[in-house]
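Asks: Sharing a model that was predicted from the sequence below.
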Amino acid sequence: MSLLRVENIAKSYGIRALFSGVSFDIDRENKIGLIGANGAGKTTLMNCIMDREEYDSGKVKIDTADRIGYVEQQAVFTGSTLHEELLTAFADLLELADRKKSLEEAAAQSGSQKKTDDIMHEYAKVSEEFERLGGYEYENKIRRIAFGLGFGEIDFLKSPQDFSGGQKTRICLAKALLREPDFLFLDEPTNHLDVGMIEWLEEFLRNYKGGILMISHDRFFLDRVTTSIIELIDQKIDIYDGNYTKAMRVRTDRRAALESAFVKQQDHIKKTEEYIRKYKAGIKSKQARGREKQLKRLERIILPPDPAGFNYFLFNPPMECAQKVLEIEELSFSFGASVICENLTMTVRKGDGIALVGPNGAGKTTLLKLIVGELEAGSGRIKIGSRVKIGYFSQHHEELNGQNTVLAEITYNYGIADEQARNYLGAFLFSGDNVYKIVAELSGGEKSRLALLKLMMDGANFIILDEPTNHLDIPAREAVENALMTFPGTFLVISHDRYFLDKVTNCTYEMENGKLNQYDGNYSYYRQKKLLENPPEKEKQLPVKKEHQHVIKEKSLPAKNKKTVIFNEDRKEQLMKKCEAEIAMLEAELKLLEHDMNDPSFQQDPQKSEEIAKTYAGKQEEIDKKYEEWDKLMQ
């Protein structure tokens, strides 16, 4: 069984230690989620395991025959078209195909039977290796993976550089999946993917026959796919069996037990030290010295840093407003000739937490901009309730002043003292010297946290959020969740983070094909309803290339042969591969005959020309029969 073993890996940058003593195994049954705060060293650890980056000490053991596939966040494309880029995953197969072609040409030009026999012997070995590596099915595999990730036939002709960020992520994913490696490593694979693509990926990875190590902040994704969780924290790793939710439950229980043991040990240490002080110079000095030695040998319990979390605090309560916060009636909007939405109706009531979901490009952000007045509707009505104050969280954070420090951004805008501002900032994970960072130099996640804090301090009673968890690690997402759960107003949010939506929302609107559908529950409730409305279809058989389609009419078969034959799927696949290999060999032989038929020396000899023509016709008949056999297997 394939096994990848990591033994005591350590890595430092100068005096800063990222991690040390990291040990774990990955086998073909493992689907491991690697989690930790941004900057903890997750990607560096993954690079060390793949030998893409040097590590200071330790070992990584893997069988030389095993392959690792890697999906990175940023990649350089070399193909001029998507099809060419995907073909780069099969560079070794393409080399074998070129070798086969060269051998065919060499055999055709051979001047002796012995040399031809040697060439054909080599050709047979190359063909066998080509077949073993999947040489007769890689084009079909390219289409299956590409279609599953949302690409169409027309996309194969486009340059990889012309695709969007999400599509480029999918190209990287497709390249890694094509060779079905023994171990698959993924670094934030759900970035830029819409929910439909993420769900396809979840199902694919759940059924993947190989070991998986994935870095992800998508907790719903981790829950659906992983069999264990590794958390990189405080330069060490903690390993948990089960998915993310189970791991966090165990982590909480472990910490509670450790805190209890810590309190008991501290009480023991305190009492022992009092005993030593009291009797060190007295009649019990011998016992006191004995206890002092024991105390020095005592292995002290050290509590790890408390995971960054939300410090609960009460916002200034927003002003009261009407029960109906927002009403949308018969709303329509178009960009030129493109209809974005048509006859939309929506009602948002006081206290609601509403999720707006739908595929990328459905018009969700456009709807938010219509509500806040950044765009004007073509027809229909948007009515904001009495005394409703809207706060808008956009993806670009135009409301932040890049010249300010984080602390000044709060004290200057809200006229509060530094200490109070630090309390607010601490709730959104800005602590210590982080409050003196310049806003323009903040990461995307830090800007998101600061913008959300300002939004909640503005006194809005209806906040509208467009992807508030983008760029956030798990602790920061938890901070945003807890902030929204304690927010006493109303909110409408677009997010691809399904775990987040499950925790904070109580109503879901789906936007698709320019329409809105309402579901009175969180994301999981919405998905259950969708599955009841549209049960998943079984995966359809991929179409056969037109030139390989041979229709067999039932009436042409003798009645005695009209039987129902039930094949085991694995056996059927073996027979089809064998048949395809035989077809490939026959077609190669046919090409050699075509070369001979076009040779002037053969054409001048009528007897040889007739023999080759008969052999050619017989070979063509064999190929047709093999295609018929292949078609029967398909049916």
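Replies: That came through fine. Numbering: from 1, shown residues only.

Asks: okay, now the domains of this protein?
Replies: The record, using automatic domain parsing to delimit domains, assigns the chain the ranges 1-67+181-242, 77-161, 256-297, 324-389+461-533, 546-634.

Asks: Give the rounded mean pLDDT of the last one.
Replies: Mean pLDDT, computed over domain 546-634, is 60.

Asks: Between the domains of the chain, which one is closest to residue 174.
Replies: Closest of the domains of the chain to residue 174 is domain 77-161, at 4.9 Å (criterion: CB to CB). C-beta coordinates here come from the backbone N, C-alpha and C atoms, glycine included.

Asks: what's the distance between residue 230 and residue 124?
Replies: Spatial separation of residue 230 from residue 124 under the definition CB to CB, to the nearest Å is 46 Å.

Asks: Neighbour count: these two, which is higher?
Replies: residue 230 (24 against 12; other CB atoms under 10 Å).

Asks: For my notes, confirm the more buried one occurs in a strand.
Replies: Yes. Counting by DSSP: H, G, I helix; E, B strand; the rest coil, residue 230 is found in a strand.

Asks: circling back: residue 436: which of the domains of the chain is closest?
Replies: Between residue 436 and those, the shortest separation by CB to CB is 17.8 Å, and it involves domain 1-67+181-242.

Asks: Tell me how far the closest one lies from the chain's centre.
Replies: The gap between where domain 1-67+181-242 is centred and where its chain is centred comes out at 12 Å by CA atoms, centre = their mean, to the nearest Å.

Asks: ok, of the domains of the chain, where does mean pLDDT dip lowest?
Replies: domain 546-634 (a mean of 60).

Asks: Now do the helices in the stretch 201-350 of the chain.
Replies: Under the criterion DSSP state H, counting those that start in this stretch, the stretch 201-350 of the chain carries helices at the ranges 219-225, 244-279, 285-297.

Asks: just those: most buried one?
Replies: By mean neighbour count, with neighbours taken as mean count of other CB atoms under 10 Å, helix 219-225 ranks first of the helices of the stretch 201-350 of the chain at a mean of 23.

Asks: I'd like to know which elements it is packed against.
Replies: strand 31-35, helix 195-206, strand 211-215, helix 244-279, helix 498-504 (3 or more CB pairs under 8 Å, 6 or more residues apart in numbering; DSSP states H and E).

Asks: could you dump stretch 143-158 to PDB, C-alpha only?
Replies: In PDB, the C-alpha atoms belonging to stretch 143-158 read as follows (Å, rounded to 0.1, in the frame of the first residue of the first chain):
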ATOM      1  CA  ARG A 143     -12.800  16.000 -21.300                       C
ATOM      2  CA  ARG A 144     -14.400  14.300 -18.300                       C
ATOM      3  CA  ILE A 145     -12.300  16.300 -15.800                       C
ATOM      4  CA  ALA A 146     -12.600  19.600 -17.800                       C
ATOM      5  CA  PHE A 147     -16.400  19.200 -18.300                       C
ATOM      6  CA  GLY A 148     -16.800  18.400 -14.600                       C
ATOM      7  CA  LEU A 149     -15.000  21.600 -13.700                       C
ATOM      8  CA  GLY A 150     -17.300  23.600 -15.900                       C
ATOM      9  CA  PHE A 151     -15.300  24.000 -19.100                       C
ATOM     10  CA  GLY A 152     -17.000  23.400 -22.500                       C
ATOM     11  CA  GLU A 153     -15.700  22.200 -25.900                       C
ATOM     12  CA  ILE A 154     -15.300  25.700 -27.100                       C
ATOM     13  CA  ASP A 155     -13.000  26.600 -24.200                       C
ATOM     14  CA  PHE A 156     -10.400  24.100 -25.400                       C
ATOM     15  CA  LEU A 157      -9.400  26.600 -28.100                       C
ATOM     16  CA  LYS A 158      -9.000  29.600 -25.700                       C
END
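
Asks: picking up where we left off before, would you mind giving the helices and strands packed on helix 219-225 as CSV with distance to residue 160 added?
Replies: What follows is the helices and strands packed on helix 219-225, written out as CSV (distance: least, CB to CB, whole Å):
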stretch, distance to residue 160
strand 31-35, 27
helix 195-206, 17
strand 211-215, 23
helix 244-279, 32
helix 498-504, 29
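
Asks: Quick one: closest of the helices of the stretch 201-350 of the chain to residue 21.
Replies: Comparing the helices of the stretch 201-350 of the chain by their distance to residue 21 (CB to CB), the top pick is helix 244-279, with 18.1 Å.

Asks: now for the closest one, which elements pack on it?
Replies: Taking 3+ CB pairs under 8 Å, 6+ apart as contact, the helices and strands that helix 244-279 lies on are helix 219-225, strand 228-233, strand 236-241, helix 285-297.

Asks: who touches residue 506 in this structure?
Replies: Residue 506 makes contact with 352, 353, 354, 520, 521, 522, according to CB atoms under 8 Å, 6 or more residues apart in numbering.

Asks: nearest to residue 102, of these?
Replies: When those are compared for distance to residue 102 (CB to CB), residue 522 wins out at 60.8 Å.

Asks: ok so, going back, CSV please, covering the domains of the chain and showing distance to residue 412.
Replies: What follows is these, written out as CSV (distance: least, CB to CB, whole Å):
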stretch, distance to residue 412
domain 1-67+181-242, 27
domain 77-161, 43
domain 256-297, 40
domain 324-389+461-533, 21
domain 546-634, 67
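
Asks: roughly how far apart are residue 55 and residue 286?
Replies: When residue 55 is compared with residue 286 (using CB to CB), they lie 51 Å apart.

Asks: Can you get me a residue count around residue 470?
Replies: For residue 470, the number of neighbouring residues by other CB under 10 Å comes to 16.

Asks: Let me know whether residue 289 touches residue 279 as I believe.
Replies: No. With contacts defined as CB atoms under 8 Å, residue 289 does not count as touching residue 279, sitting 9.4 Å away.

Asks: Any idea which of the helices and strands packed on helix 244-279 gets closest to residue 270?
Replies: Comparing the helices and strands packed on helix 244-279 under CB to CB, the one sitting nearest is helix 285-297, at 10.8 Å.

Asks: how big is the angle separating that closest one from helix 244-279?
Replies: Angle, helix 285-297 to helix 244-279, by axes from the mean of the first three to the mean of the last three CA atoms, to 10 degrees: 150 degrees.

Asks: how far does helix 285-297 sit from the chain's center?
Replies: Distance, stretch centre to chain centre, for helix 285-297: 56 Å (CA atoms, centre = their mean).

Asks: how about that helix as CSV, C-alpha atoms only?
Replies: C-alpha atoms of helix 285-297 as CSV (Å, rounded to 0.1, in the frame of the first residue of the first chain):
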residue,chain,number,x,y,z
SER,A,285,14.1,20.3,56.5
LYS,A,286,14.9,16.8,55.1
GLN,A,287,11.3,16.4,53.9
ALA,A,288,11.4,20.0,52.6
ARG,A,289,14.5,19.3,50.5
GLY,A,290,13.0,16.1,49.2
ARG,A,291,9.9,18.0,48.0
GLU,A,292,12.1,20.7,46.5
LYS,A,293,13.9,18.1,44.4
GLN,A,294,10.6,16.6,43.3
LEU,A,295,9.3,20.0,42.4
LYS,A,296,12.4,20.6,40.2
ARG,A,297,11.8,17.3,38.4
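
Asks: before we move on, back to that, what's the closest of the helices and strands packed on helix 244-279 to residue 317?
Replies: Relative to residue 317, the nearest member of the helices and strands packed on helix 244-279 by CB to CB is helix 219-225, separated by 30.2 Å.

Asks: residue furthest from the geometric center of this protein?
Replies: Checked against the mean C-alpha position of the chain, the extreme residue using CA atoms, centre = their mean is residue 283, at a distance of 69.4 Å.

Asks: So residue 28 sits against residue 181, correct?
Replies: No. If you go by CB under 8 Å, residue 28 and residue 181 don't touch, sitting 10.8 Å apart.

Asks: Give me the common contacts of the two.
Replies: Here residue 28 and residue 181 have residue 210 as joint contacts, going by CB under 8 Å, 6+ apart.

Asks: Quick check: the gap between the residue lying closest to residue 168 once chain neighbours are set aside and residue 78.
Replies: The shortest distance from residue 168 to any residue other than its chain neighbours is 6.9 Å, reached at residue 160 (CB to CB, 6 or more residues apart in numbering). Computed as CB to CB, the residue 160 to residue 78 distance reads 9 Å.
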